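Asks: Give me the fold of what follows.
(one chain, ligands or ions: 2)
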Amino acid sequence: MEFLCSQCSACCRNIKELGLPHNGDGVCSHLNRETNRCSIYNTRPDLCRVDRMFEKYFKPEMSKKEFYKLNTKACHVLIDKEGFDESFKMDVNEYDK
Ligand code: SF4
Ligand code: SF4
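Replies: Ligands and ions are numbered 1, 2, ... in the order given. Now for the predicted structure:
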(Lines give C-alpha, C1' and ligand atoms only; values in the text may rest on other atoms or scores of the structure.)
(Ligands and ions follow the chains in the order given, each with its own letter.)
Protein backbone atom coordinates (compact mmCIF):
# COMPACT_ATOMS: atom_id res chain seq x y z
CA MET A 1 0.00 0.00 0.00
CA GLU A 2 1.31 3.42 -1.00
CA PHE A 3 0.07 6.90 -0.24
CA LEU A 4 -1.87 8.18 -3.23
CA CYS A 5 -0.84 11.63 -4.43
CA SER A 6 -2.04 13.44 -7.55
CA GLN A 7 0.90 15.87 -7.37
CA CYS A 8 -1.51 18.79 -7.35
CA SER A 9 0.78 20.85 -5.05
CA ALA A 10 -2.09 22.10 -2.86
CA CYS A 11 -0.17 21.03 0.27
CA CYS A 12 2.96 22.88 -0.87
CA ARG A 13 0.85 26.01 -1.31
CA ASN A 14 -0.44 25.95 2.25
CA ILE A 15 2.58 25.68 4.49
CA LYS A 16 2.21 28.89 6.52
CA GLU A 17 1.56 27.11 9.82
CA LEU A 18 4.07 24.35 9.18
CA GLY A 19 7.27 26.29 9.71
CA LEU A 20 8.58 25.85 6.18
CA PRO A 21 9.99 28.85 4.28
CA HIS A 22 7.55 30.83 2.17
CA ASN A 23 7.38 34.22 0.55
CA GLY A 24 4.53 35.55 2.65
CA ASP A 25 1.81 33.93 0.58
CA GLY A 26 1.97 30.46 2.15
CA VAL A 27 3.50 28.88 -0.94
CA CYS A 28 6.64 26.94 -0.06
CA SER A 29 9.81 28.58 -1.35
CA HIS A 30 10.93 25.17 -2.56
CA LEU A 31 7.99 24.75 -4.90
CA ASN A 32 8.96 25.40 -8.49
CA ARG A 33 5.91 27.37 -9.59
CA GLU A 34 6.54 26.67 -13.25
CA THR A 35 6.75 22.91 -13.04
CA ASN A 36 4.58 22.59 -9.89
CA ARG A 37 7.21 20.27 -8.44
CA CYS A 38 9.34 20.33 -5.31
CA SER A 39 12.83 21.61 -6.08
CA ILE A 40 14.35 19.72 -3.13
CA TYR A 41 12.29 16.56 -3.45
CA ASN A 42 15.07 14.12 -2.48
CA THR A 43 15.99 16.15 0.59
CA ARG A 44 12.56 17.50 1.50
CA PRO A 45 11.81 17.63 5.24
CA ASP A 46 10.07 14.86 7.12
CA LEU A 47 6.93 16.98 7.25
CA CYS A 48 6.56 16.45 3.52
CA ARG A 49 7.01 12.68 3.75
CA VAL A 50 3.84 10.86 4.67
CA ASP A 51 5.51 7.52 5.38
CA ARG A 52 8.23 9.00 7.50
CA MET A 53 5.74 11.05 9.53
CA PHE A 54 3.75 7.89 10.12
CA GLU A 55 6.76 5.88 11.26
CA LYS A 56 8.12 8.65 13.48
CA TYR A 57 5.01 10.02 15.10
CA PHE A 58 1.73 8.29 14.31
CA LYS A 59 2.42 4.57 14.30
CA PRO A 60 1.40 4.05 17.94
CA GLU A 61 -1.84 5.96 17.35
CA MET A 62 -3.32 4.40 14.23
CA SER A 63 -2.84 2.06 11.30
CA LYS A 64 -1.06 3.22 8.17
CA LYS A 65 -4.31 2.92 6.25
CA GLU A 66 -6.07 5.25 8.70
CA PHE A 67 -3.17 7.69 8.47
CA TYR A 68 -3.28 7.65 4.67
CA LYS A 69 -7.01 8.25 4.75
CA LEU A 70 -6.66 11.20 7.13
CA ASN A 71 -3.98 12.72 4.92
CA THR A 72 -6.05 12.22 1.79
CA LYS A 73 -9.01 13.94 3.45
CA ALA A 74 -6.71 16.84 4.35
CA CYS A 75 -5.61 16.93 0.68
CA HIS A 76 -9.26 17.29 -0.32
CA VAL A 77 -9.71 20.30 1.98
CA LEU A 78 -6.63 21.98 0.50
CA ILE A 79 -7.65 21.15 -3.07
CA ASP A 80 -11.02 22.83 -2.42
CA LYS A 81 -9.28 25.81 -0.84
CA GLU A 82 -7.06 26.21 -3.90
CA GLY A 83 -10.00 25.78 -6.25
CA PHE A 84 -8.27 22.92 -8.05
CA ASP A 85 -10.17 20.47 -10.19
CA GLU A 86 -11.98 17.61 -8.44
CA SER A 87 -9.92 15.17 -10.48
CA PHE A 88 -6.94 15.91 -8.25
CA LYS A 89 -8.74 14.29 -5.31
CA MET A 90 -7.52 10.76 -4.74
CA ASP A 91 -10.22 8.28 -3.69
CA VAL A 92 -9.89 7.34 0.01
CA ASN A 93 -11.71 4.07 -0.74
CA GLU A 94 -8.70 2.95 -2.78
CA TYR A 95 -6.95 2.16 0.49
CA ASP A 96 -9.60 -0.44 1.30
CA LYS A 97 -9.08 -2.40 -1.91
S1 SF4 B 1 -2.35 17.99 -1.59
FE2 SF4 B 1 -2.25 15.76 -1.44
S3 SF4 B 1 -2.57 15.03 -3.53
FE4 SF4 B 1 -1.96 17.18 -3.66
S5 SF4 B 1 0.29 17.13 -3.85
FE6 SF4 B 1 -0.19 17.33 -1.69
S7 SF4 B 1 -0.14 15.21 -0.92
FE8 SF4 B 1 -0.36 15.11 -3.16
S1 SF4 C 1 9.65 21.20 0.65
FE2 SF4 C 1 8.90 20.46 -1.30
S3 SF4 C 1 7.36 18.90 -0.81
FE4 SF4 C 1 7.71 20.15 1.02
S5 SF4 C 1 6.16 21.78 0.97
FE6 SF4 C 1 8.01 22.57 0.00
S7 SF4 C 1 7.74 22.17 -2.17
FE8 SF4 C 1 6.30 20.88 -1.08
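
Asks: Near ligand 2, which residues of this protein are found?
Replies: Residues of the chain found near ligand 2, taking Cβ under 6 Å from any ligand atom as the criterion, are C12, I15, L20, C28, H30, L31, C38, I40, R44, C48. C-beta: built from backbone N, CA, C; applies to glycine.

Asks: where's the spatially most central residue of the chain relative to ligand 1, distance?
Replies: What sits nearest the mean C-alpha location of the chain, by Cα atoms, centre = their mean, is C11, with 4.7 Å. Distance of C11 to ligand 1, computed by Cβ to the nearest ligand atom, to the nearest Å: 3 Å.

Asks: picking up where we left off before, out of the residues of the chain next to ligand 2, the closest to C75 would be?
Replies: C12 (11.3 Å; Cβ to Cβ).

Asks: Assumed the closest one was part of a strand.
Replies: No: C12 is assigned helix when assessed by DSSP: H, G, I helix; E, B strand; the rest coil, not a strand.

Asks: That one: neighbour count?
Replies: By the other Cβ atoms under 10 Å criterion, the neighbourhood of C12 contains 24 residues.

Asks: confidence score at it?
Replies: Note on C12: pLDDT of 96.

Asks: rewinding a little: now do the same contact list for the residue nearest to the centre of the chain.
Replies: C11 makes contact with C48, A74, C75, L78 under the criterion Cβ atoms under 8 Å, 6 or more residues apart in numbering.
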